[in-house]
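Trainee: Let's see this in three dimensions:
(2 chains)
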Amino acid sequence: MERKPFAISLDPNSSLANHTGSWRTVRPIYVDRLPPCNHACPAGENIQSWLYYAEEGKYKEAWDVLMRDNPFPALHGRVCYHPCETACNRAQLDEAVGIHAVERFLGDRAIQEGWQVMPGTATGKTVLIIGAGPSGLSAAFHLARFGHAVTIYDAGPKAGGMMRFGIPKYRLPRDILDAEIARIEAMGVTIRLNHKVEDLEAVLKAGNFDAVFLAIGAHLAKRTEIPGRDAGKIMDAAGFLKSLEGKTPPKIGRRVVVYGGGNTAIDAARTAKRLGAEEAVIVYRRDRAHMPAHDFEIREALEEGVVIHWLRTIKRAEESKYTVEVMELDETGRPRPTGLFEEIDADTLILALGQNADTAFLRNVPGLKIAEDGVIDVDETMMTGRPGLFAGGDMVPSERTVTTATGHGKKAARHIDAYLRGTRYVKTAPHPIATFDKLNTWYYTDAERSKQPILEAARRRSTFDEVAGGLDPSTALLEARRCLSCGNCFECDNCYGVCPDNAVIKLGPGKRFAFNYDYCKGCGICVQECPCGAIEMVKETI
Amino acid sequence: MNRQQRIKFYQTGTFTVGNRLLGDEDRTVQSRMERTNSLNSGHRACQGCGEALGARYAVDAAMRAAQNRLIAVNATGCLEVFSTPYPESSWRIPWLHSLFGNAPAVATGVAAAFRAKGRTEMKVIAQGGDGGTVDIGFGCLSGMFERNDDVLYICYDNEGYMNTGVQRSGSTPPAARTMTTPAVGEHPGQPFGAGKNVPRIAMAHGIPYVATASVSNLRDLEAKVTKAMGLSGSRYIHIHVPCPLGWVHDPALTIKVARLAVESGLFPLIEAEYGRITGRTMIRRKIPVERYLELQGRFKHLFLDPRHRETIAAIQAIADAHLTEYGLLEKENSRGT
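Mentor: Numbers count the residues shown, from 1 in each chain, chains lettered A, B, ... in the order given. From the prediction side, this is the model:
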């Protein structure tokens, strides 16, 4: 026996023999929660995930993750109304993360660097897409990634749909749009322009395609009856915006009145201003609070000298004189007439009252359910009543935004892919949402949102130059780092540091952490001190 | 600390333990895979023990600063009892325990022995709870300071004698309930005016370095231990470590409680060299003392009906006096940097 010091009879031992995990009644587990931004994104982007890479300056990886869900980051970074930022938890702390600005930065960088997405291994299946708008192009992109051969027919002279013929250049420069469409074509997608489908049933019967995705949008302008005689020039907003893509700009005169309160009305008025109209007046029947147009667009329009007459309806037209009635809102926010009248002069009246889908050519297709306003009914797989015929975008019941349409394209592509393979696409159940109360915001440094440069007002009145500028690499990096990473571990080492029992094992960069349940006493400090809510306590089963 | 102001990491800040985005030089000791874990798993401290956490924070930082040439002398107390029940020990460093009251004297002896043997590379720390430091070992501690012996003494202050069943110490705050200061009578809990401020007493000895730290601010704590380890002579660090058992709070809230003590101004984080204040850690988001007190059962009697408004106001006055005395607020707003 080894000689021991006086009065010592046992060998010294490590406390590791003492498994304190047996004290535990609850145990911490690592979880992933759904960040509110991801939850809000109509295109189903995994925003937190691509920001994670952007935070490290790994822009290519960030873009790759983004492209899994959305083929148009440069475009969406400009024109999406970013519901993600409305949902962003950081808004409750200081200001929402400028997600769109980082997305745009990634998109622009991809165009600069010529980053490309590869199509999947060819499956031999063919898909026809009708309409080269956001929904159709998005479906084409995802179907190409699945390995299907895609052909798009579009009635217009150029691809892009409403992205080209509805969104003004000062919000979306055409070189950006062209670059993002060209990337999809480079994946082997064929786009046949000026190719209007008159008889879908004949195309389907010809049997050259294994599935068809309808995405023709909603281009048919809604009209309203304005009594009068010798009325001046009246046009619809969609047609007006579309005509700007032609060679000669439309003649609109000195005074332009736009009738309507949506984003299209704002676009039309701002465009009229840029075409040289001295007065661009929006007439809308309710007040600013009830205007469907987004507040920042209203603000920008006002900055550019657009005048808005709230609470007015147009009653009569007489040559270039319009009689408008003053309205007031009732208790439910609905406008009602007051009997007071005013007159305004206009050389051109532009109607921005919304659009319908022009689905007349589908009437002879059996099994289709078409609503009165032309909207097509689809099931939860985006399939119409006719097997193999899918539909999405503005022509099905939806929010009618570019982003929703892009999301439809992805969703439809997944279901079409499953249909072609004879299976069903089942979406994995989403994680519970990482709400603000799950965060420990003490650990986030206060940081103001990075500002995008804005074109000066004088140039905004006279040119179609893009209004909002992009972030530079340093501001994009800082903006990405403002992300709180809600519900998803970002390896801040807090749990590893704060455990009094060393019961958190650090697995190394990119590998996150694990609990050592031999020693975890279940105190819960790690849960409390996790900044992003990625740890949860669960009852121990004994 | 200045270091915190310099690094602009918006997402992860400098408030987290680590961060994958930080360069090596900006990482804490605790964020490193190769940290010593000087106080290893399997120790018998209660769930959520602030002292176990504070001890690992401090000794790991000291080990790194001393390049692992470190020996620790421990006073009797929770830290000794829960870490080393014979024949087991959680310590992964040379460690010595003698009596409750003589840790500073034993550490002085160890330092003298190394000096006599020419082992100048060896560093000595002594550590204990507030009982072994503020009360029972105080004579030895003052002697060690007065002779300026080459020891870093670390006090883990949980404001009472906890492992013997929560009796008051010279560090128990006013109005706190303990077994020996029950919440009865007109002035329940520890009386106002009792207790002593050992960091100030250490400063009065004119020793090279005195600092206070909190388990809620790891970067600050590690910076202070590292700085102390780079100096010779007597050094003293007083670390605030909540005790879920004695303070009667949810074990999960240990760090939060410590943070609120700092943010309310009740536990100021300061540094002093040769008797003069040389550093202070600014309060980030000032809070009223109620926010700190109401989380703890030992102050529960203050919030029962009738609420002890005057007592709470008196505690607030102590916090406010700290804010003024040490200049802990950047300006009068609730959202500093």
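Trainee: mind checking which helix or strand residue A:128 is in?
Mentor: Element membership for residue A:128, per DSSP states H and E: strand A:126-130.
Trainee: quick one: average pLDDT of the longest strand belonging to chain A?
Mentor: Longest strand in chain A by number of residues (criterion: DSSP state E): strand A:335-345. Mean pLDDT, computed over strand A:335-345, is 92.
Trainee: Put the alpha carbons of it into CSV.
Mentor: Output in CSV follows, covering the C-alpha atoms of strand A:335-345 (Å, rounded to 0.1, in the frame of the first residue of the first chain):
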residue,chain,number,x,y,z
PRO,A,335,-66.8,57.4,-46.4
ARG,A,336,-70.2,59.0,-46.8
PRO,A,337,-71.1,62.1,-48.9
THR,A,338,-71.5,65.5,-47.4
GLY,A,339,-73.2,67.3,-50.3
LEU,A,340,-70.3,69.8,-50.6
PHE,A,341,-68.7,70.0,-54.0
GLU,A,342,-65.4,71.3,-55.4
GLU,A,343,-63.9,71.6,-58.8
ILE,A,344,-60.4,70.6,-60.0
ASP,A,345,-58.8,70.9,-63.4
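Trainee: list the contacts for residue 280?
Mentor: Just so you know, I chose chain A. A:256, A:258, A:269-270, A:272-273, A:305-307 (Cβ atoms under 8 Å, 6 or more residues apart in numbering or on different chains). The way it works is simple: take the backbone N, C-alpha and C, and place the C-beta from them, glycine included.
Trainee: my question was about chain B
Mentor: B:268-271, B:326-328.
Trainee: what about 10 Å?
Mentor: B:1, B:212, B:268-272, B:322, B:325-328 (Cβ atoms under 10 Å, 6 or more residues apart in numbering or on different chains).
Trainee: on that earlier part again, now list the buried members of the contacts of residue A:280.
Mentor: Buried residues within the contacts of residue A:280, counting neighbours by 16 or more other Cβ atoms under 10 Å in any protein chain shown: A:256, A:258, A:269-270, A:272-273, A:305-306.
Trainee: Among those, which one sits closest to residue B:80?
Mentor: residue A:270 (75.3 Å; Cβ to Cβ).
Trainee: Could you pull up phi and psi at the closest one?
Mentor: phi -70, psi -40 (degrees, to the nearest 10).
Trainee: Which two of the buried ones among the contacts of residue A:280 have the greatest separation?
Mentor: Applying Cβ to Cβ across the buried ones among the contacts of residue A:280, the maximum distance is between A:258 and A:305, 13.5 Å.
Trainee: shared neighbours, the two?
Mentor: Looking at what touches both residue A:258 and residue A:305 (by Cβ under 10 Å, 6+ apart), the common residues are A:269-270, A:280.
Trainee: between these, which is nearest chain B?
Mentor: Nearest to chain B among these: residue A:270, at 33.8 Å, using Cβ to the nearest Cβ.
Trainee: With the flanking residues excluded, which residue is spatially nearest to the closest one?
Mentor: residue A:301 (5.3 Å; Cβ to Cβ, 6 or more residues apart in numbering or on different chains).
Trainee: What about residue A:12, how many residues nearby?
Mentor: 11 (other Cβ atoms under 10 Å in any protein chain shown).
Trainee: quick one: it from residue B:96, how far?
Mentor: 13 Å (Cβ to Cβ, to the nearest Å).
Trainee: Repeat that for residue B:254.
Mentor: 28 Å.
Trainee: Which one's more surrounded, the two?
Mentor: Neighbours were counted for residue B:254 and for residue B:96 using other Cβ under 10 Å; residue B:254 has more, 33 against 16.
Trainee: Tell me if I'm right that that one and residue A:526 touch.
Mentor: No - applying Cβ atoms under 10 Å as the test, residue B:254 and residue A:526 come out as separate, 11.1 Å apart.
Trainee: mind checking the end-to-end distance for stretch A:49-67?
Mentor: Using Cα to Cα, to the nearest Å, one end of stretch A:49-67 lies 12 Å from the other.
Trainee: Run through the residues that contact residue B:283.
Mentor: Residue B:283 touches B:262-265, B:268-269, B:319, B:322-323, B:326, B:328-330, B:334, B:336, counting by Cβ under 10 Å, 6+ apart.
Trainee: that older thread, among the contacts of residue B:280, which pair sits farthest apart?
Mentor: Between all members of those, the farthest pair (by Cβ to Cβ) comes out as B:1 and B:325, at 19.3 Å.
Trainee: Specify which residue of these two has the higher count of neighbours.
Mentor: Applying other Cβ under 10 Å to residue B:1 and residue B:325 shows that residue B:1 carries more neighbours, namely 17 against 13.
Trainee: ok, the closest residue to residue A:243 other than its chain neighbours - how many residues close by?
Mentor: Nearest residue to residue A:243, sequence neighbours excluded (Cβ to Cβ, 6+ apart): residue A:250, at 4.6 Å. Counted by other Cβ under 10 Å, the residues lying close to residue A:250 total 18.
Trainee: hang on, residue B:164 packs against residue B:81?
Mentor: Yes - when contacts are counted by Cβ under 10 Å, residue B:164 is listed as touching residue B:81 (9.3 Å).
Trainee: higher neighbour count, the two?
Mentor: Neighbour tally, residue B:164 and residue B:81, criterion other Cβ under 10 Å: the higher count belongs to residue B:81, 18 against 12.
Trainee: dump the residue contacts of the residue lying closest to that one once chain neighbours are set aside.
Mentor: Once flanking residues are discounted, residue B:81 sits nearest to residue B:163: 5.2 Å by Cβ to Cβ, 6+ apart. By Cβ under 10 Å, 6+ apart, residue B:163 lies in contact with B:44-46, B:51, B:76-82, B:129, B:131, B:243, B:245-246.
Trainee: before we move on, which element is the residue nearest to residue A:270 in?
Mentor: helix A:295-303.
Trainee: helix, strand or coil for residue A:315?
Mentor: Secondary structure for residue A:315, judged by DSSP: H, G, I helix; E, B strand; the rest coil, is strand.
Trainee: which intervals of the stretch 201-337 of chain B have sub-threshold pLDDT?
Mentor: The stretch 201-337 of chain B contains residues with pLDDT under 70 at B:331-337.
Trainee: What are the boundaries of the strands in it?
Mentor: Assignment of strands within the stretch 201-337 of chain B using DSSP state E, counting those that start in this stretch yields the ranges B:209-214, B:235-240, B:270-273, B:276-280.
Trainee: On the three-state scheme, the residue minimising distance to the centre of chain A is what?
Mentor: In chain A, the C-alpha nearest the mean C-alpha coordinate belongs to residue A:403, at 3.6 Å (Cα atoms, centre = their mean). Three-state secondary structure (criterion: three-state DSSP) places residue A:403 in helix.
Trainee: For it, give its distance to residue B:176.
Mentor: For residue A:403 relative to residue B:176 (Cβ to Cβ), the value is 57 Å.
Trainee: rewinding a little: against which helices or strands is the longest strand of chain A packed?
Mentor: Secondary-structure packing of strand A:335-345 (3 or more Cβ pairs under 10 Å, 6 or more residues apart in numbering or on different chains; DSSP states H and E): strand A:255-259, strand A:279-283, strand A:307-309, strand A:312-318, strand A:321-329.
Trainee: Any chance of CSV for the strands of the stretch 201-337 of chain B, columns distance to residue A:95?
Mentor: Converted to CSV, the strands of the stretch 201-337 of chain B look like this (distance: least, Cβ to Cβ, whole Å):
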stretch, distance to residue A:95
strand B:209-214, 30
strand B:235-240, 34
strand B:270-273, 34
strand B:276-280, 31
